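Novice: need a structure here:
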Amino acid sequence: MSAEPADDAAADPQPPARQTWLGPGFLPLSLGAVAVFEFLSNRVLQPLSTSPLGATPGSTLAIVVGALSRYSQNLAAVLGIFVVAAMLVAAMRPGGAASQPLGRMSIVMMGGLTVVLSSLLTLWPDFMSAAGLLKRAQWLLQLSSVCVAMLITLGVLQRRGPPGIQKLGIVLVMLPALFQLEIQWGVMTASGWLQRYGLLTLLYGPLLAMATLAMGSLCLSEWRPARPTPSLWALGFGLAAAALMGVIIFLWSSTALRLIYMAFDLRLPMRFEAQTLYLLCLTAWVYSVLGLFFIGRGGSNTGSEPLRGLGLLLLGLAGCQARTMPQMMFFLAGLLCASEGVLAHTTRRAAPRRSE
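Specialist: Alright, predicted model coming up:
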């Protein structure tokens, strides 16, 4: 009789961790809010303030918009460094993406280099430029961030629990970092037998990054969220966003293409096929992000959906070419959030089986 309460406690699965958004999860959620603020103020409002809004240089509107843009960039960069450092430490805990000894050592080396270089480039850029180390530091930062992304991806792939479709999604959302490394530094074009693929990446790298992000988003949301009502709401918002952007492209094509380039670092060609692909990818991304958020808000069996949704949100706001410091931090934090969501989904789904 006395053993029954203990057996019941062991048999009952743990509820979804509501503490995810408090404590350690508060920083990624704060970064998501700051990322939206930086996206709207720096990459949407500032380009629109010149031609559509008619803000002349030196006017009050131009000064306010410029101040908001600079503040959002600095806030996103500093907070992003803190979030990436905290999530790299969390990834080394037991059950994390870098929980193995070799993974921990690799994350300490590459992650430490990424955090140190990003801190130096953010806090003392003039010193780095005067010392002649700016270009080299930027190259090392880009390379170390790609190495961190690959280490996190390999850490998820070697785990047996995550579904194969979510593993494929992690690989797909990591590929834009490789495309950006080739576009900016020409790593593959330096090799003879890889030169053909390097030229392909240079020409169509942003479009490939956009397509892989959309496909990875669908894979991480498992193509069909578990409950139909949130998925219908998410699909409705995705179609509405695509329809609105389609109208803007049709009516004000030059302004729309400039806005897409400033917002997502995507130079969209003036071809119907490319614009259709962009609208489809936008629908898939909005559908996946909102679908995961809606399911997590309504309660789920695993509680990992908000983490994956936040990761996809940050990955999308990082753009197709993560060139600035905030965009690089958005990409790394988004990949870490998505990987933690995949592993948390596996752990909490398997908890009742182990207790049985």
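
Novice: need the phi and psi values for Trp124.
Specialist: Phi and psi for Trp124, reported as degrees, to the nearest 10, are phi -130, psi 60.

Novice: what about Ala131, neighbour count?
Specialist: 11 (other C-beta atoms under 10 Å). Placement of C-beta: from N, CA and C, glycine included.

Novice: quick one, phi/psi of it?
Specialist: phi -80, psi 0.

Novice: what score does it have for pLDDT?
Specialist: Ala131 carries a pLDDT value of 82.

Novice: and the residue nearest the centre of the chain, how far from Phe250?
Specialist: Central residue of the chain (C-alpha atoms, centre = their mean): Leu315, 1.7 Å from the mean position. Distance check for Leu315 against Phe250: by C-beta to C-beta, to the nearest Å, it reads 28 Å.

Novice: Phe294 and Ala234 touch, don't they?
Specialist: Yes: with contact defined as C-beta atoms under 8 Å, Phe294 counts as touching Ala234 (5.9 Å).

Novice: just checking, what packs against the one helix or strand Leu307 maps to?
Specialist: Using DSSP states H and E, Leu307 sits within helix 305-317. Packing partners of helix 305-317 (3 or more C-beta pairs under 8 Å, 6 or more residues apart in numbering; DSSP states H and E): helix 26-38, helix 164-185, helix 195-220, helix 272-298, helix 325-355.

Novice: what about 10 Å?
Specialist: Judged by 3 or more C-beta pairs under 10 Å, 6 or more residues apart in numbering; DSSP states H and E, helix 305-317 is in contact with helix 26-38, helix 60-91, helix 164-185, helix 195-220, helix 253-264, helix 272-298, helix 325-355.

Novice: give me the mean pLDDT for the fifth one.
Specialist: Along helix 253-264, the predicted local confidence has a mean pLDDT of 83.

Novice: run the angle between the helix or strand containing Gly112 and helix 60-91 for me.
Specialist: In this assignment (DSSP H and E), Gly112 forms part of helix 101-123. Counting by axes from the mean of the first three to the mean of the last three C-alpha atoms, to 10 degrees, helix 101-123 lies at 160 degrees to helix 60-91.

Novice: so Arg323, which of the three states?
Specialist: At Arg323, secondary structure determined by DSSP: H, G, I helix; E, B strand; the rest coil is coil.

Novice: how near is it to Trp252?
Specialist: 26 Å.

Novice: residue contacts, the residue nearest to the centre of the chain?
Specialist: Applying C-beta atoms under 10 Å, 6 or more residues apart in numbering to Leu315 gives the contacts 173-174, 176, 213, 216-217, 220, 285, 289, 322, 330-335, 337-338.

Novice: please check those residues and keep the buried ones.
Specialist: Applying 16 or more other C-beta atoms under 10 Å to those, the neighbour count classes 173-174, 176, 213, 216-217, 220, 285, 289, 322, 330-335, 337-338 as buried.

Novice: doesn't Leu88 make contact with Gly112?
Specialist: Yes: Gly112 lies in contact with Leu88 (C-beta atoms under 10 Å); the separation is 8.5 Å.

Novice: returning to what we had before: okay if I get the helices and strands packed on helix 305-317 as CSV plus distance to Thr229?
Specialist: Shown next, in CSV, are the helices and strands packed on helix 305-317 (distance: least, C-beta to C-beta, whole Å):
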stretch, distance to Thr229
helix 26-38, 24
helix 60-91, 31
helix 164-185, 22
helix 195-220, 19
helix 253-264, 30
helix 272-298, 8
helix 325-355, 20
